[in-house]
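Participant: structure for this input, please:
(one chain, ligands or ions: 2)
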Amino acid sequence: MSTLWRHARLATLAGEQGWGLVEDGALWVEHGQLRWVGPDAALPPGLTPETEHDLAGALVTPGLIDPHTHLVYGGDRAAEFEQRLQGATYEEIARAGGGIRSTVSATRAASDDELFRTAALRARALMAEGVTTLEIKSGYGLTEADEARCLATARRLGRELPLGVRTTSLGAHALPPEYAGRADAYIDAACGWLAGQQAAGLVDAVDAFCDTIGFTPAQTRRIFEAAGRLGLPIKLHAEQLSDQGGAALAARHGALSCDHLEHLSQAGVAAMRAAGTVAVLLPGAYYFLRETRLPPVQALREAGVPIAIATDHNPGSSPTLSLLLMLNMACTLFRLTPEEAWRGVTQHAARALGLRDRGCLAPGLRADFAVWQAEHPRDLAYRFGHGRCIRSVCGGVERTPP
Ligand code: DI6
Ligand code: FE
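Facilitator: Ligands and ions are numbered 1, 2, ... in the order given. This next block holds a predicted model:
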């Protein structure tokens with residue numbers, strides 16, 4: 001299978017900086033991989049593609065990567081949104097047994113097919129905006145069987161859609177009601193599920209929610225140690241609502257990423273820098289919870305910590321399915337430059353998932369790219385609420401509209 005894509009305006013985002021613009025560019029794709037990327041006029045002679053497309057000057061970027069979602073769950077939390085508008089806070093609702101735990105009940109009650117059907121609709125909404133790789137966390141099952149069901153649903157999405165899916169086990173997301181008052185016993189159980197998830201091929205990384213309404217640093221460390229014994233990489237929901245020193249703890253365990261980070265300290269920044277940990281910023285949750293404390297973007301920049309951007313799609317704190325909107329919010333709310341935001345949903349997002357085979361347009365990488373009705377990638381960070389992805393290709397396979 002070989003395809004030649006010609007006469008595109010390429011933004012390769014290769015290398016450490018710059019857009020990597022190629023005015024009249026071409027991509028040569030073979031067996032799902034980019035074989036050649038460069039100016040159309042310099043195409044190697046003698047290529048005999050099975051298919052050839054003329055993109056007539058349209059913009060082509062790397063496929064977008066959403067490195068933090070909770071895509072598989074039952075129900076929604078629109079009623080909780082109304083409660084918050086009447087004055088209740090996210091933390092108060094969580095402490096009263098609502099919040100994450102209400103989604104846990106709805107998830108346990110949903111059938112496998114219902115979980116798959118709703119998650120596939122969400123995945124397709126993200127794909128319609130050029131997303132070609134998605135991370136999906138468990139964390140709304142909170143029993144061994146229900147966590148496995150959610151991870152298996154994520155795997156099935158990766159098999160049945162033209163989409164790269166990475167799965168993350170997040171048993172330590174919230175304390176399920178049957179373990180009320182016994183958080184340490186729950187952590188023992190959640191640590192014990194990891195080997196089975198790994199043996200079943202269900203898990204690529206392990207995450208935890210380290211915060212006042214989540215788990216303590218000591219409990220988080222036990223999850224990391226269990227992951228470490230199995231050789232599984234780790235990530236952390238860190239410093240979202242308070243500073244627990246979670247980022248430094250995760251960095252000491254070699255975390256791929258620390259996510260949220262509004263309350264990250266200078267010591268946390270330094271630890272992440274030393275470990276090469278990616279900072280995944282989640283402007284959707286910041287916006288939807290009406291947070292006022294900004295993540296320390298300038299300190300991360302000065303330290304050279306790579307910054308990624310994600311939707312954090314979940315029913316409670318970020319019910320968005322637009323990574324393009326996050327691109328805009330990363331600029332407007334967090335003051336990233338459009339180029340930093342783009343790196344955040346491509347190259348740095350790949351790194352947050354431990355993936356080296358995607359994230360920019362370069363020979364040898366997966367043929368993951370999006371074609372846009374736009375002049376320049378910065379236009380897509382500038383607009384909000386509308387971006388025009390004309391077509392997208394994942395592993396050489398073109399997405400068919402639903
Ligand atoms: N932080 C979040 O933003 C999500 N999980 C987490 O630990 C929210 C999950 C939810 O409210 O359902
Ligand atoms: Fe999250």
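Participant: surely Gln240 forms part of a helix?
Facilitator: No - applying DSSP: H, G, I helix; E, B strand; the rest coil, one finds Gln240 to be coil, outside a helix.
Participant: can you name the residues of the stretch 101-250 of the chain that neighbour ligand 1?
Facilitator: Thr103, His173, Phe209, Gly214, His237, Gln240 (C-beta under 6 Å from any ligand atom). C-beta coordinates here come from the backbone N, C-alpha and C atoms, glycine included.
Participant: who's in contact with the fourth one?
Facilitator: Same thing as Gly214. Applying C-beta atoms under 8 Å, 6 or more residues apart in numbering to Gly214 gives the contacts Ala172, His173, Ala174, Ala208, His237.
Participant: what sits against Leu353?
Facilitator: Ile65, Pro67, Thr133, Glu135, Arg166, Asp204, Ala205, Leu256, Ser257.
Participant: out of these, who's nearest Arg391?
Facilitator: For these, the minimum distance to Arg391 (C-beta to C-beta) is 16.6 Å, reached by Thr133.
Participant: please name the bridge partners of the closest one.
Facilitator: With DSSP bridges applied, Thr133 shows beta-bridge pairing to Ile65, Gly164.
Participant: counting neighbours, what do you get for the residue of the stretch 51-200 of the chain found nearest ligand 1?
Facilitator: Nearest residue of the stretch 51-200 of the chain to ligand 1: Ile100, at 4.3 Å (C-beta to the nearest ligand atom). Other residues within reach of Ile100, judged by other C-beta atoms under 10 Å, total 26.
Participant: check contacts around Leu104.
Facilitator: One thing to correct before we go on: residue 104 is Val, not Leu. Val104 makes contact with Tyr140, Gly141, Leu142, Ala174, Pro176 under the criterion C-beta under 8 Å, 6+ apart.
Participant: mind doing that once more with 10 Å?
Facilitator: 73-75, 139-143, 146, 173-177 (C-beta atoms under 10 Å, 6 or more residues apart in numbering).
Participant: need those residues in JSON lines with pLDDT, can you?
Facilitator: Output for the contacts of Val104, formatted as JSON lines (pLDDT from 0 to 100):
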{"residue": "Tyr73", "pLDDT": "98"}
{"residue": "Gly74", "pLDDT": "98"}
{"residue": "Gly75", "pLDDT": "96"}
{"residue": "Gly139", "pLDDT": "98"}
{"residue": "Tyr140", "pLDDT": "98"}
{"residue": "Gly141", "pLDDT": "98"}
{"residue": "Leu142", "pLDDT": "98"}
{"residue": "Thr143", "pLDDT": "98"}
{"residue": "Asp146", "pLDDT": "98"}
{"residue": "His173", "pLDDT": "97"}
{"residue": "Ala174", "pLDDT": "95"}
{"residue": "Leu175", "pLDDT": "95"}
{"residue": "Pro176", "pLDDT": "95"}
{"residue": "Pro177", "pLDDT": "93"}
